[in-house]
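> here's my sequence, what's the structure:
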Amino acid sequence: MFITDTMASTEAFGIEHIDSLYRYALVLTRSKVEAEDLVQETYVRAIEAFNRLRENSNVRGWLFTILRNLWLNELRKHRTRPQLVEVDADSYLVEGLVGNMRDAHEILESEENASRIRGAISKLPSEFQEILVLREFEELSYQEIATVLNCPAGTVMSRLGRARAKLRVLLMEGYGMHQESGR
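Numbers count the residues shown, from 1 in each chain. Below you'll find the predicted structure:
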């Protein structure tokens, strides 16, 4: 009976976090295929360790931590391997920025803004991209991010502040160039 109950409870375990994990994996890997593999491996590891998870644990944060640790292990294994970068991998992230628009002008304006934001984020160092995605897109708390990144919450707050400042500068630079070209 206990085995059946445990098996039934692991079937849908954490599935509600799959999209968030995939978006985070895209930021880390910059490859749709690698992101899919990383998320799949995350769930395999999580299901294997499910019985060791304490009651009332933060499952979402735990899954993000597993995913990041798997990615770091992969990086260590393949440091010298050349990386293939998929140009439109970040487009999945932008879907979260673009809301339901009412008219064609708003849609066009929104697509332009999303493109600017996507371009600006892609120019940031990966540690800033990672922290922005975890906080702004996946809405993890500072403490959850600290756990995922294995660093103090104060480091998360300062790194997030620097990331937002750098993003703001990049967006303002892009906005200035965009305004000048419109004249």
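> tell me where this protein has helices.
For the chain, the helices defined by DSSP state H cover 2-11, 18-29, 32-49, 59-77, 91-94, 104-123, 126-132, 142-149, 153-182.
> using CSV, lay out those together with mean pLDDT.
Listed next are the helices of the chain as CSV, based on pLDDT from 0 to 100:
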stretch, mean pLDDT
helix 2-11, 43
helix 18-29, 91
helix 32-49, 92
helix 59-77, 90
helix 91-94, 48
helix 104-123, 73
helix 126-132, 90
helix 142-149, 93
helix 153-182, 80
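> show me what contacts the residue lying closest to Ala163 once chain neighbours are set aside?
Of all residues not flanking Ala163 in the chain, Phe128 sits nearest, at 3.7 Å (CB to CB, 6 or more residues apart in numbering). In this view, the C-beta of every residue, glycine as well, is placed from N, C-alpha and C. If you count contacts by CB atoms under 8 Å, 6 or more residues apart in numbering, Phe128 has them with 159, 162-163, 166-167.
> give the PyMOL command for selecting the buried subset of the residues you listed.
In PyMOL, this line selects whichever of the contacts of Phe128 come out buried by 16 or more other CB atoms under 10 Å:
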select buried, resi 159+163+166+167
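> redo the contacts of Phe128 as CSV? Include distance to Glu48.
Formatted as CSV, the contacts of Phe128 follow (distance: CB to CB, whole Å):
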residue, distance to Glu48
Arg159, 31
Arg162, 37
Ala163, 33
Lys166, 38
Leu167, 37
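> got the domain ranges for this protein?
As recorded under automatic domain parsing, the domains making up the chain are 1-86, 90-183.
> got a list of what the residue most central in space within the chain touches?
In the chain, the centroid-proximal residue (CA atoms, centre = their mean) is Tyr24; its distance is 2.3 Å. For Tyr24, the contact set (CB under 8 Å, 6+ apart) comprises 64, 67-68, 130, 133-134, 138.
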